[in-house]
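Visitor: what follows is a protein structure lacking sequence information:
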């Protein structure tokens with residue numbers, strides 16, 4: 001009896017304190033989640049994403065090779081606005097030299113296009129995660145026109161800010177491409193995915209290209225785009241830009257040949 005009494009007294013105060021804390025915290029979290037769930041901006045993005053899903057599926061109706069392709073759209077991968085824009089670039093403009101940063105679902109679409117539609121095109125994919133490469137290639141066979149290159153990442157300083165960039169091979173740094181798809185490496189807080197800035201050194205006025213930057217609503221990607229636009233201006237390369245907004249945002253930077261891509 002004495003032990004039971006002491007046990008009750010010992011645990012009574014901590015338990016009551018815990019209960020009080022739970023009662024205080026739960027309403028705060030509920031209110032926060034309700035505000036987040038019913039956020040007008042979040043609802044707007046969700047509705048846009050649903051609209052892009054319908055638009056994307058309508059855009060591939062005449063392509064059985066895409067309807068049969070298993071794509072995991074959203075989450076860590078590109079969203080529906082991303083894949084709609086990617087499909088239009090590949091279908092409408094048939095880029096012959098494609099460089100992609102980041103192996104993933106978009107690599108499947110590009111590779112499938114190479115097998116069925118882009119018979120004169122080539123495709124280089126840069127990826128730093130060896131485990132991901134092993135897993136991906138065990139599930140999906142890339143086109144023989146797609147070259148997968150493993151490239152480690154290294155720390156880089158841009159305007160006194162730390163970021164990471166690929167250690168790119170010469171065959172990439174010294175070449176020009178018609179389509180640059182920027183979706184890797186993993187994003188950073190500042191000057192995210194900056195490799196495209198370096199590659200602009202290869203380009204001159206008169207070169208035609210499209211740059212597609214995923215996750216461009218994030219601060220790090222916005223910084224990279226800002227620096228990229230300044231560099232293009234300094235090189236007197238005229239471009240147009242367009243943001244396509246769903247749950248995530250994708251930004252296009254295009255020269256005259258690809259200007260219609262800003263009206264999708």
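Guide: The structure has been received and is ready for your questions. Just so you know, these numbers come straight off a predicted model, no measurement behind them. Residues are numbered from 1 along each chain as shown.
Visitor: ok, now which ones touch the most centrally placed residue in the chain?
Guide: Nearest residue to the geometric centre of the chain (C-alpha atoms, centre = their mean): residue 214, 3.5 Å. Residue 214 is in contact with 78, 82, 181-183, 221, 248, 250, counting by C-beta atoms under 8 Å, 6 or more residues apart in numbering. No exception for glycine: its C-beta is placed from N, CA and C like everyone else's.
Visitor: what of residue 155?
Guide: With C-beta under 8 Å, 6+ apart, residue 155 has these contacts: 162-164.
Visitor: in this structure residue 218 contacts residue 192, no?
Guide: Yes - between residue 218 and residue 192 there is a contact under C-beta atoms under 8 Å: 6.7 Å.
Visitor: ok, those two, which is more surrounded?
Guide: Taking other C-beta atoms under 10 Å, residue 218 and residue 192 do not tie; residue 192 has more neighbours (24 against 17).
Visitor: host element of the more buried one?
Guide: Using DSSP states H and E, residue 192 falls within no helix or strand.
Visitor: check contacts around the closest residue to residue 239 other than its chain neighbours.
Guide: If the residues on either side of it in the chain are set aside, residue 239 comes closest to residue 253, at 5.2 Å by C-beta to C-beta, 6 or more residues apart in numbering. Counting by C-beta under 8 Å, 6+ apart, residue 253 makes contact with 210-211, 213, 225, 228-229, 232, 239-241.
Visitor: for the residues you listed, which one is nearest residue 138?
Guide: residue 213 (29.0 Å; C-beta to C-beta).
Visitor: so that closest one touches residue 251, yeah?
Guide: Yes - in terms of C-beta under 8 Å, residue 213 counts as a neighbour of residue 251; the distance is 4.6 Å.
Visitor: compare the two (neighbour count), which wins?
Guide: residue 213 (25 against 22).
Visitor: how near is that one to residue 57?
Guide: 24 Å (C-beta to C-beta, to the nearest Å).
Visitor: and what of residue 225?
Guide: Distance from residue 225 to residue 57, by C-beta to C-beta: 29 Å.
Visitor: neighbour count winner among those two?
Guide: Higher neighbour count among residue 225 and residue 57: residue 225, with 22 against 13, using other C-beta under 10 Å.
Visitor: so that one sits in a helix?
Guide: Yes - the assignment for residue 225 (DSSP: H, G, I helix; E, B strand; the rest coil) places it in a helix.
Visitor: and residue 44, which of the three is it?
Guide: helix.
Visitor: can you give me the neighbour number for it?
Guide: Neighbours around residue 44, by other C-beta under 10 Å: 11.
Visitor: still on that earlier bit, need the residues touching each of residue 213 and residue 251.
Guide: What both residue 213 and residue 251 touch, as defined by C-beta under 8 Å, 6+ apart, is the set 221, 225.
Visitor: can you pull out the strands in the chain?
Guide: Under the criterion DSSP state E, strands of the chain are mapped to 97-101, 122-127, 146-150, 153-158, 161-166, 179-182, 210-213, 240-245, 249-254.
Visitor: okay if I get those as JSON lines plus mean pLDDT?
Guide: Converted to JSON lines, the strands of the chain look like this (pLDDT from 0 to 100):
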{"stretch": "strand 97-101", "mean pLDDT": "98"}
{"stretch": "strand 122-127", "mean pLDDT": "98"}
{"stretch": "strand 146-150", "mean pLDDT": "97"}
{"stretch": "strand 153-158", "mean pLDDT": "95"}
{"stretch": "strand 161-166", "mean pLDDT": "96"}
{"stretch": "strand 179-182", "mean pLDDT": "98"}
{"stretch": "strand 210-213", "mean pLDDT": "98"}
{"stretch": "strand 240-245", "mean pLDDT": "96"}
{"stretch": "strand 249-254", "mean pLDDT": "97"}
